[in-house]
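Enquirer: Structural data only, the sequence is not supplied:
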């Protein structure tokens, strides 16, 4: 017997629109090419996620795709992204409400060179500290999800070796902004490192700790 799937509620439909807009933004901003990368958002115990292999500009409200926290599909008929294990691992272990995964060029390049993004800029503190690189594993596997969780310990973003980035946040906007910030820092380090005969200065742990404390009061409060 075919699985019974329910009809999306109003809040789920609204969140799906935001999710599709965020996915399209990753393409427009050059963070992914074609159907690479994926985006998800959690509402209650349901995870809305981009479907596998469908260009974002073709997604419509009727294409809403959702699973529960075990991965069982509860909304839609399109097959969820192959990277579902990573998304679900984040939701099961953190307070994330949104996850963005990209194949951003500079971030992916850095992931092939180091095991941790050098502390080239203090905004790494906005991701929880020095950004780690999760060891390589085949896409869509539980092994990759486990490697990612290790790199995400006390962090809201990491690099995936020879693969890309993953970040999370309390909103789609926050998750996206963290992805964009990570890509910018990787581009910055690659640019500074490319000058012959010069080595970029890096921040120390005390300097990063000071910024972490200052960021707690950053922006509009209350």
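Expert: Nice, I can see it. The shown structure was predicted, so the numbers you read here are calculated from the model rather than taken from an experiment.
Enquirer: Every contact and neighbour count from this point should use C-alpha atoms.
Expert: OK.
Enquirer: which helices and strands sit right next to the top helix by length along the chain?
Expert: Secondary structure of the chain per DSSP state H: the longest helix is helix 172-193. Packed against helix 172-193 by the contact rule (3 or more CA pairs under 8 Å, 6 or more residues apart in numbering; DSSP states H and E) you find helix 10-28, strand 98-102, helix 105-111, strand 157-160, strand 164-169.
Enquirer: what's the spacing between the second one and its chain's center?
Expert: Mean-position distance between strand 98-102 and its chain equals 3 Å (CA atoms, centre = their mean, to the nearest Å).
Enquirer: How about the longest one?
Expert: Its chain's C-alpha centre lies 14 Å from the corresponding centre of helix 10-28 when counted by CA atoms, centre = their mean.
Enquirer: And stretch 195-207, by the same measure?
Expert: 27 Å.
Enquirer: which outside residues touch it?
Expert: 118-122, 189, 192-193 (CA atoms under 8 Å, 6 or more residues apart in numbering).
Enquirer: for the residues you listed, which one is nearest residue 8?
Expert: Residue 8 has its nearest neighbour among these in residue 122, at 41.3 Å by CA to CA.
Enquirer: Check the burial of that closest one by counting its neighbours.
Expert: 19 (other CA atoms under 10 Å).
Enquirer: Against residue 195, how distant is it?
Expert: Separation of residue 122 from residue 195 (CA to CA, to the nearest Å) stands at 21 Å.
Enquirer: likewise residue 153?
Expert: For residue 153, the distance to residue 195 - CA to CA - is 33 Å.
Enquirer: Show me which of these two is the more surrounded one.
Expert: residue 153 (14 against 10).
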